[in-house]
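[1] Okay, predicted coordinates and the sequence, questions at the end:
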Amino acid sequence: MVEKGRITAPQTEFIMIPTIIGTAILSIPSIDAKFAGHDMWMTPILGSLIGFLTVYIVWRLHELYPMQTPIEYSERIIGKAAGRVFGLLLTLFYIHNSGIIVREYSSFISTNVMTDTPIIIFSITILFVSALAVRGGLEVIARTAIICTTLFMSSSVVLLLLIKDIKLGYLLPFLENGLLPVMKGTLIHNSWFSEFFLLAFIFPYINNQKNGLKSGLRASLIVMFILLYVNFFVLTAIGTSAANLFYPVYVIIRSITVYNFFENFEVLITASWVLGNFVKISVFLYAASLSLAQLFRFSSYKIIVFPLSVLVFIFSYWDLPNLVVKVNYISTIQPFYLLTIQTIIPLFLLGIALIKRKRSEST
């Protein structure tokens with residue numbers, strides 16, 4: 001096997017939580033406010049349905065083809081030629097999206113934290129560290145994820161300091177413009193929740209296989225609560241004006257002061273966010289490396305991690321030249337792009353696999 005490491009089901013949750021929300025907590029609230037307005041708090045709840053569905057699809061495919069990743073079982077489901085085409089599509093998809101994540105991370109740090117440092121420095125450093133983790137294998141990613149995710153999640157309690165300033169009136173009027181705006185916001189969440197398809201590259205390497213589905217569903221539930229938690233505080237702190245901000249979460253945290261003495265909590269949030277993005281980039285780079293290695297029948301994916309990182313770096317600057325283009329991409333293209341590759345196509349694969357299984361049992 002290309003991957004020889006083994007992890008536990010709980011470690012899977014530590015991996016997946018920052019993988020989904022690493023970039024979501026900064027990008028989603030602004031777009032939610034733009035589409036759903038006062039009802040933006042509802043969008044994570046409806047969006048999580050795609051997360052639960054994707055986890056179930058991945059798990060059923062894993063049950064039918066245990067110890068195999070999508071690159072391997074797609075050839076058995078739709079034939080060698082079509083399966084290899086899908087495998088190549090999936091590999092390019094994760095390379096491309098790894099580049100987008102790197103650019104999102106670098107742009108945020110460059111424009112909000114270290115404005116005098118060239119953006120290229122942040123891209124190179126996060127890719128280098130992530131590549132080291134990927135070369136260490138899935139076990140190394142899982143162990144670092146436990147530390148990074150714990151710190152990442154712990155920092156969210158800072159938002160509770162806003163309780164004295166929130167205005168619940170911003171939650172009203174309820175469904176002022178009907179369900180359509182909420183569904184538009186939900187579509188944005190769907191693109192992030194569809195990333196639970198990455199579990200397809202992790203399930204084969206879990207020690208306690210029977211707990212894989214529970215861990216995936218629990219991770220999706222936790223992600224939903226975190227996004228709901230963040231959207232609630234953004235809405236009740238600054239209302240629908242969040243739609244005019246690129247990073248509303250960062251803005252409201254910068255406004256927190258305790259006794260006019262304790263402030264600058266954004267430093268803590270930024271540090272934890274860097275750790276969360278390290279996990280996310282590592283997982284995407286791992287999926288891209290493993291996919292490419294299995295597609296071309298390499299004996300190990302570790303030899304291609306650094307060359308692939310260079311390609312990811314190129315994608316990070318080729319596709320999203322500035323922040324305005326990035327926001328437009330997230331609002332219009334990304335929902336359909338990610339949902340199609342990570343949920344809709346796997347659903348078709350599952351349908352074909354079940355039909356083939358039923359026919360083989362009846363003969």
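    Right, received. Where do you want to start? Numbers count the residues shown, from 1 in each chain.
[2] Please tell me how far stretch 192-202 is from the chain's geometric centre.
    8 Å (C-alpha atoms, centre = their mean, to the nearest Å).
[3] Ok, stretch 140-152 next?
    On C-alpha atoms, centre = their mean, the centre of stretch 140-152 falls 15 Å from that of its chain.
[4] in that stretch, what's buried?
    Judged by neighbour count (16 or more other C-beta atoms under 10 Å), stretch 140-152 contains these buried residues: Val140, Ile141, Ala142, Thr144, Ala145, Cys148, Thr149, Leu151, Phe152. Any C-beta I mention is one placed from the backbone N, CA and C, and that applies to glycine too.
[5] Contact partners for Thr257?
    Listed by C-beta atoms under 8 Å, 6 or more residues apart in numbering, the contact set of Thr257 reads Glu263.
[6] any idea of the pLDDT on it?
    We have a pLDDT of 79 for Thr257.
[7] same thing with Asp165?
    With respect to pLDDT, Asp165 scores 83.
[8] So it versus Ala243, what's the distance?
    20 Å (C-beta to C-beta, to the nearest Å).
[9] Point out where the stretch 201-350 of the chain drops to low pLDDT.
    Applying pLDDT under 70 to the stretch 201-350 of the chain picks out residues 261, 319.
[10] Equivalent analysis for the stretch 1-150 of the chain, please.
    Ranges of the stretch 1-150 of the chain meeting pLDDT under 70: 1.
[11] got a list of contacts for stretch 307-323?
    Here stretch 307-323 makes contact (C-beta under 8 Å, 6+ apart) with 95-96, 98-100, 102-104, 106-107, 111, 123-124, 127-128, 130-131, 246, 285, 288-289, 292, 326, 329.
[12] Apply 6 Å and report the result again.
    Outside stretch 307-323, the residues that touch it by C-beta atoms under 6 Å, 6 or more residues apart in numbering are 95-96, 98-99, 102-103, 107, 123, 127, 131, 288-289, 326.
[13] who wins for neighbours among those?
    Tallying neighbours with other C-beta atoms under 10 Å puts Ser289 at the head of those, with 32 neighbours.
[14] My read is that that one contacts Phe306, right?
    No - in this structure Ser289 lies outside contact range of Phe306 using C-beta atoms under 6 Å: 9.7 Å.
[15] okay, and the common contacts of the two?
    Common neighbours of Ser289 and Phe306, using C-beta under 6 Å, 6+ apart, do not exist here.
[16] before we move on, the earlier item: export the contacts of stretch 307-323 to a markdown table and tack on distance to Phe278 and secondary structure?
    Converted to a markdown table, these look like this (distance: C-beta to C-beta, whole Å; DSSP: H, G, I helix; E, B strand; the rest coil):
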| residue | distance to Phe278 | secondary structure |
| --- | --- | --- |
| Ile95 | 18 | helix |
| His96 | 19 | helix |
| Ser98 | 13 | helix |
| Gly99 | 16 | helix |
| Val102 | 11 | helix |
| Arg103 | 15 | helix |
| Ser107 | 16 | helix |
| Ser123 | 13 | helix |
| Leu127 | 10 | helix |
| Ala131 | 11 | helix |
| Ala288 | 16 | helix |
| Ser289 | 16 | helix |
| Lys326 | 20 | helix |
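[17] and these as TSV, adding distance to Pro44?
    Conversion of those to TSV gives the following (distance: C-beta to C-beta, whole Å):
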residue	distance to Pro44
Ile95	28
His96	25
Ser98	24
Gly99	26
Val102	25
Arg103	24
Ser107	24
Ser123	29
Leu127	29
Ala131	32
Ala288	27
Ser289	31
Lys326	21
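[18] Out of these, which is nearest to Asn264?
    Taking C-beta to C-beta as the measure, Ser107 is the one of the contacts of stretch 307-323 closest to Asn264, at 21.5 Å.
[19] number of nearby residues for the residue nearest to that closest one when sequence neighbours are not counted?
    Of all residues not flanking Ser107 in the chain, Leu323 sits nearest, at 5.9 Å (C-beta to C-beta, 6 or more residues apart in numbering). Counted by other C-beta under 10 Å, the residues lying close to Leu323 total 15.
[20] and if you look at Phe265?
    Phe265 has 18 neighbours, counted by other C-beta under 10 Å.
[21] Next up, identify which helix or strand Leu320 is on.
    Per DSSP states H and E: Leu320 is located in neither a helix nor a strand.
[22] Show me what stretch 174-194 is in contact with.
    Under the criterion C-beta under 6 Å, 6+ apart, residues 20, 24, 31-32, 35-36, 39-40, 42-44, 46-47, 50-51, 54, 334-335, 338-339, 342-343 lie in contact with stretch 174-194.
[23] From the residues you listed, which land in helices?
    Members of the contacts of stretch 174-194 lying in helices (criterion: DSSP state H): 20, 24, 31-32, 35-36, 43-44, 46-47, 50-51, 54, 334-335, 338-339.
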